[in-house]
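Novice: pasting the structure only:
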């Protein structure tokens, strides 16, 4: 029932704007409005904070179905979870009440600020600093590749509080867009997900109350990694949705396109391509849903499954969307058809929230 609801919403309120959002590199406001109106913008927020209290699998299905229509729009529910999960996992009760309520109501979005210009895969090498000053912390630094930066009101920011301890000297904070000293770089000019702004976040002597620290001092990096164990599954969900959208479009196209006097769907070479696309996509879906169940139960092997789902599903999405472009031939290569957009959008799922090379390192270290 959830899938039917979100698919109907995505097809009527989100899909019609997907091409324009991509073409104009603009934030999908129509999608945000539609998701907020249906209470599907941050379904993961627990009920006690005014949220829908959806489990990890329900969240995956929401993101998957939105991504099937528009990958940029699927970053609304996905990044709202990524940004706020540190607060849910490690934040004080006061922090949860203060920030999860507005998120659940749709009054604010939440972003996640971990990466820096010189700290990507090596996130523990970050340079952003937080220095204690009485009842405040003062933050200075630059965060890069921040999804929905400038649109989100709230940011989970990782910063070094003890430079002598590397990852154990990193703490997490909630920073608000309106805090003095917070500013944003120009939007990155990207290959895909053009409707989701990616910008640098500048922190210039940003003074925030000490109670905005998430968890204990020095636990920020552990919280960041624990968060990714859960949220990598949302990237797998995005990958599934993009791949499904491409497969659905290609399947319809080959039944209508005629060459040599018959639909190209009648040719065995085309049939084999479609069969492989559907088979790999279904394998990715099963792995992703199994990982989502493990996320909900917080199983001991979650780290492996989260990395495996993200890595496998994103590799499949790149393959399926590339094949969809091939099935449409010259038309697939033009912006008049959606599969070239889906192919461009799919690429990021192999890169963000940990490159697939990093996922393989994570899997190797956590073999079940």
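Specialist: Sure thing, it's come through. Computed from a predicted model, the values in this text were never measured in an experiment.

Novice: tally of neighbours for residue 106?
Specialist: 17 (other C-beta atoms under 10 Å). All C-beta atoms are positioned from the backbone trio N, CA, C, and that covers glycine.

Novice: and it, what does it touch?
Specialist: 35-36, 39, 41-42 (C-beta atoms under 8 Å, 6 or more residues apart in numbering).

Novice: Can you flag the buried ones in those?
Specialist: Among the contacts of residue 106, those classed as buried by 16 or more other C-beta atoms under 10 Å are 35-36, 39, 41-42.

Novice: could you dump those to JSON lines with secondary structure and pLDDT?
Specialist: Listed next are the buried ones among the contacts of residue 106 as JSON lines, based on DSSP: H, G, I helix; E, B strand; the rest coil; pLDDT from 0 to 100:
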{"residue": "35", "secondary structure": "helix", "pLDDT": "98"}
{"residue": "36", "secondary structure": "helix", "pLDDT": "98"}
{"residue": "39", "secondary structure": "coil", "pLDDT": "97"}
{"residue": "41", "secondary structure": "coil", "pLDDT": "98"}
{"residue": "42", "secondary structure": "coil", "pLDDT": "98"}
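
Novice: care to break this protein down by domain?
Specialist: 2-105, 110-218, 222-365 (automatic domain parsing).

Novice: chain center to stretch 108-128, what's the gap?
Specialist: Its chain's C-alpha centre and that of stretch 108-128 lie 15 Å apart, by C-alpha atoms, centre = their mean, to the nearest Å.

Novice: Report the mean confidence score over that stretch.
Specialist: The pLDDT scores in stretch 108-128 average 97.

Novice: Just the endpoints, please. Distance across it?
Specialist: 24 Å (C-alpha to C-alpha, to the nearest Å).

Novice: Can you mark which positions in it are buried?
Specialist: Buried, per 16+ other C-beta under 10 Å, within stretch 108-128: 108-116, 119-120, 123, 126, 128.

Novice: Residue 82: which of these is nearest?
Specialist: Nearest to residue 82, judged by C-beta to C-beta, of the buried residues of stretch 108-128 is residue 112 at 4.5 Å.

Novice: Tell me which helix or strand comes right after the helix or strand harbouring that closest one.
Specialist: Counting by DSSP states H and E, the element that carries residue 112 is strand 110-113. Using DSSP H and E, the helix or strand that follows strand 110-113 towards the C-terminus is strand 129-133.

Novice: Which elements pack onto whichever helix or strand comes after that following strand?
Specialist: With elements assigned by DSSP H and E, the helix or strand that comes after strand 129-133 is strand 136-147. With contacts defined as 3 or more C-beta pairs under 8 Å, 6 or more residues apart in numbering; DSSP states H and E, strand 136-147 has these neighbours: helix 71-90, strand 110-113, strand 129-133, strand 154-160, strand 170-176, strand 198-209.
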